[in-house]
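*Asks:* test case, fold it:
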Amino acid sequence: MITIRIDVDYPYRSRFRSFIYTVSRLKFGGDYLRNSKIVAGMINESTEDINAHWFFTLRTLPDQELLKLLLPEKHEIDLHVVNDPVKELNLLEAATHRTPHHYTIHGTERLVGRIAWRRFKSSAPKIPKDFRLQSFHDRLTLGIDTLVYSKPPDRTLTIAKERLSAGDVIYFHPIWLFQRGKLNRRGPCYQVLRKILAVDMEVETITIRRRLFFNLARDYREYERSVSPTDKLVARLSDLGADIFTFIERRWCCAITNPSKSWLKTDDNIALLEIASYDEWLKKVGKKTRNMIRKAKKSGVETRTAEPDDKLATGIWRIYNESPIRQERMFPHYGTLLQDVQKSVFSADKSTYIGAYFQQELIGFIQLIHGDNVTIISQILSRQEYWDKAVNNALVAKAVEVCASKGVKWLMYGRMGNHPTLDNFKLSNGYVKYELTRYYVPLSTRGRVAARLGLHRELKDILPQSVKYGLMPVYNWTSRMNARMKAAPR
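*Replies:* Modelled structure (predicted):
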């Protein structure tokens, strides 16, 4: 049983609007109790055994839309006392036609809050001895919106699950579902609540990145599976503050037949290899590539699938920390801690690791991620001191062999056009530049303005290839300088 206490003390997402409403008693706008309705829907969707206690004040009485969501089998309507417990209880029962069983007392420590709620006589109301509701304050509770203010969401989730297992109650305020407070030190608790309830899985892999004055959202697994901007996903992304959502059309397997006219589209590409068999692939690649594969074998390089264990993680960690510079620019994995590599290796789902070994030592690896109708080369790295042994060619050859044995038809290796040397390596191994479409869905006014100005696209995709390649030495030099500055002792 998951017991949740929900204190609905402010009706709007804007604390200022909620304050004006509390003072003036005037309801305005169509988003009254919007966050509460989202929470109620999440609870209803969850398959967990949930007992949700909703504590309403007289300024946050549920409207008909919310009442329909507060199903009696999962939700109990209770009283959040502000001033007069008996009067407020009678009004709550009349408005909801439900029988409350518990009460909590609304906290108003600051003078502004006491003025807004007209609590002039004391800091807390007096509860009559014969009051028929039971206090909920004697329950052991954990405020997840308070905890997430100071701790990462993953840590907050771990603590919350431990407390729930012990029979404690989690609680939060819907106003802080998506936003971070300042004066009251509360943070957005949606991601933690979503994982506790095991709902809204479609946003599990969504990342939101700030771009100038707008937020761009994308699914970082968009190549592994087809992404569709459903009404629910669009609504939830808007709740999370996204202004534009972008996704690709996986045309090689799942073409979009009727794209919406409101979606903007641009040209994109991937490096894609179609596999029939290993022998056929080996015939298609050039003589130079076949010689490189033979060279690796003659040099004593052995390739094989590797178990995701401590030995593999240690070998990858050593490759990561061999040099701060790779491909003439700063290497982002340099300085990664061993425990972080172990966590990444052990938690990699739907992955196959292929290792290249020289005298039983890991000198290179590939991580293959298996998606729907495609396998993706996520990483391919080798020790620089062994580059003369054609390690990467041997790794790609083994990846093709593994995919062919599994019946994988498509093997993807990033995009084309961002690095000339890497592009040549892909082409020499049989990859082609596969054209596809990237869509952009504006979700807000800011998103529509950004799209109209053409700011939704990456700068590297706007520049002509000749200009981009011409600027690459400058970019690489700047990147190397940043790497040296980070590595310099302080």
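*Asks:* ok, which stretches of the stretch 51-200 of the chain are helices?
*Replies:* Secondary structure of the stretch 51-200 of the chain (DSSP state H, counting those that start in this stretch): helices located at 64-69, 85-96, 111-116, 144-150, 153-165, 190-197.
*Asks:* could you give the mean pLDDT of the last one?
*Replies:* Read it as helix 190-197. Averaged across helix 190-197, pLDDT comes to 96.
*Asks:* low-scoring stretches of this structure, by residue?
*Replies:* Under the criterion pLDDT under 70, the flagged ranges of the chain are 108-123, 483-484, 487-490.
*Asks:* can you put the helices of the stretch 51-200 of the chain in CSV and add distance to Ile20 and mean neighbour count?
*Replies:* For glycine as for every other residue, the C-beta is placed from the backbone atoms N, C-alpha and C. Compiled in CSV, the helices of the stretch 51-200 of the chain are given as follows (distance: least, Cβ to Cβ, whole Å; neighbours: other Cβ atoms under 10 Å):
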stretch, distance to Ile20, mean neighbour count
helix 64-69, 21, 15
helix 85-96, 21, 15
helix 111-116, 9, 14
helix 144-150, 22, 22
helix 153-165, 31, 16
helix 190-197, 25, 22
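*Asks:* nearest to Arg34, of these?
*Replies:* helix 64-69 (9.6 Å; Cβ to Cβ).
*Asks:* coming back round to it: what about the helices of the stretch 51-200 of the chain, which gets the closest to Glu224?
*Replies:* Nearest of the helices of the stretch 51-200 of the chain (Cβ to Cβ): helix 190-197, 20.7 Å.
*Asks:* measure Gly315 to Leu362 for me?
*Replies:* 3 Å (Cβ to Cβ, to the nearest Å).
*Asks:* and if you look at Arg185?
*Replies:* Remark: distance between Arg185 and Leu362 (Cβ to Cβ) = 46 Å.
*Asks:* who's more crowded, these two?
*Replies:* Between Arg185 and Leu362, counting by other Cβ atoms under 10 Å, Leu362 is the more crowded of the two (21 against 11).
*Asks:* show me what contacts the more buried one?
*Replies:* By Cβ atoms under 8 Å, 6 or more residues apart in numbering, the contact list for Leu362 reads 306, 311-312, 315-316, 318-319, 355-356.
*Asks:* 7 Å instead?
*Replies:* Counting by Cβ atoms under 7 Å, 6 or more residues apart in numbering, Leu362 touches 315, 355.
*Asks:* over to Cys403?
*Replies:* 275, 375, 411.
*Asks:* which one of those residues is nearest to Lys68?
*Replies:* Using Cβ to Cβ, Thr375 comes nearest to Lys68 of the contacts of Cys403, at 45.7 Å.
*Asks:* once you drop chain neighbours, what's closest to that closest one?
*Replies:* With Cβ to Cβ, 6 or more residues apart in numbering as the criterion, Thr375 has its nearest non-adjacent residue at 4.8 Å, and that residue is Val408.
*Asks:* what do you get for Phe247?
*Replies:* Nearest non-adjacent residue to Phe247 (Cβ to Cβ, 6+ apart): Val227, at 4.2 Å.
*Asks:* do a quick rundown of the helices in the stretch 301-450 of the chain.
*Replies:* Under DSSP H, counting those that start in this stretch, the stretch 301-450 of the chain gives helices at 310-320, 338-347, 391-406, 420-428, 445-452.
*Asks:* tell me what angle the fourth one forms with helix 391-406.
*Replies:* Computed by axes from the mean of the first three to the mean of the last three Cα atoms, to 10 degrees, the angle separating helix 420-428 from helix 391-406 equals 40 degrees.
*Asks:* now do the buried residues in helix 420-428.
*Replies:* 422-423, 425-427 (16 or more other Cβ atoms under 10 Å).
*Asks:* likewise for the shortest one?
*Replies:* Judged by neighbour count using 16+ other Cβ under 10 Å, the buried positions of helix 445-452 are 447-448, 450-451.
*Asks:* also the third one?
*Replies:* The neighbour-count check on helix 391-406 (16+ other Cβ under 10 Å) flags 391-404 as buried.
*Asks:* tell me which two of the residues you listed sit farthest apart.
*Replies:* Checking the buried residues of helix 391-406 with Cβ to Cβ, the most distant pair is Val391 and Ala404, at 20.5 Å.
*Asks:* turn the buried residues of helix 420-428 into JSON lines, including distance to Tyr10.
*Replies:* As requested, the buried residues of helix 420-428 are exported to JSON lines (distance: Cβ to Cβ, whole Å):
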{"residue": "Leu422", "distance to Tyr10": "52"}
{"residue": "Asp423", "distance to Tyr10": "54"}
{"residue": "Phe425", "distance to Tyr10": "57"}
{"residue": "Lys426", "distance to Tyr10": "54"}
{"residue": "Leu427", "distance to Tyr10": "59"}
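*Asks:* nearest to Pro11, of the residues you listed?
*Replies:* Comparing the buried residues of helix 420-428 against Pro11 with Cβ to Cβ places Leu422 closest, at 53.9 Å.
*Asks:* looking at the contacts of Cys403, which is nearest Asp130?
*Replies:* For these, the closest approach to Asp130 (Cβ to Cβ) belongs to Thr375, at 69.6 Å.
*Asks:* what count of nearby residues applies to that closest one?
*Replies:* Thr375: 24 surrounding residues under other Cβ under 10 Å.
*Asks:* which strand residues bridge it?
*Replies:* Thr375 forms beta bridges with His370, Leu411, as assigned by DSSP bridges.
*Asks:* ok, it - contacts?
*Replies:* Contacts here follow Cβ under 7 Å, 6+ apart; on that basis Thr375 touches 368-369, 403, 408, 411.
*Asks:* state the distance from Val285 to Tyr220.
*Replies:* 30 Å.
*Asks:* the two: which has the busier surroundings?
*Replies:* Taking other Cβ under 10 Å, Val285 and Tyr220 do not tie; Val285 has more neighbours (21 against 9).
*Asks:* not counting sequence-adjacent ones, nearest residue to that one?
*Replies:* Counting by Cβ to Cβ, 6+ apart, Gly430 is the residue found nearest to Val285 once chain neighbours are left out, at 4.9 Å.
*Asks:* need the contact list for that neighbour.
*Replies:* 273, 281, 284-285.
*Asks:* same question, Ile208
*Replies:* Ile208 sits next to 215, 217, 240-242 when contact means Cβ under 7 Å, 6+ apart.
*Asks:* got a markdown table for the contacts of Gly430, with distance to Arg15 too?
*Replies:* A markdown table is the format used below for the contacts of Gly430 (distance: Cβ to Cβ, whole Å):
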| residue | distance to Arg15 |
| --- | --- |
| Leu273 | 54 |
| Trp281 | 61 |
| Lys284 | 63 |
| Val285 | 62 |
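*Asks:* for PyMOL, write the selection for the buried entries among these.
*Replies:* Selecting the buried subset of the contacts of Gly430 in PyMOL, with 16+ other Cβ under 10 Å as the burial test, is done by:
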select buried, resi 273+281+285
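*Asks:* take the contacts of Gly430 and keep only those in strands.
*Replies:* When DSSP state E is applied, the contacts of Gly430 are split such that Leu273 fall in strands.
*Asks:* nearest to Ile2 among the contacts of Gly430?
*Replies:* With Cβ to Cβ as the yardstick, the closest approach to Ile2 among the contacts of Gly430 comes from Leu273, at 46.8 Å.
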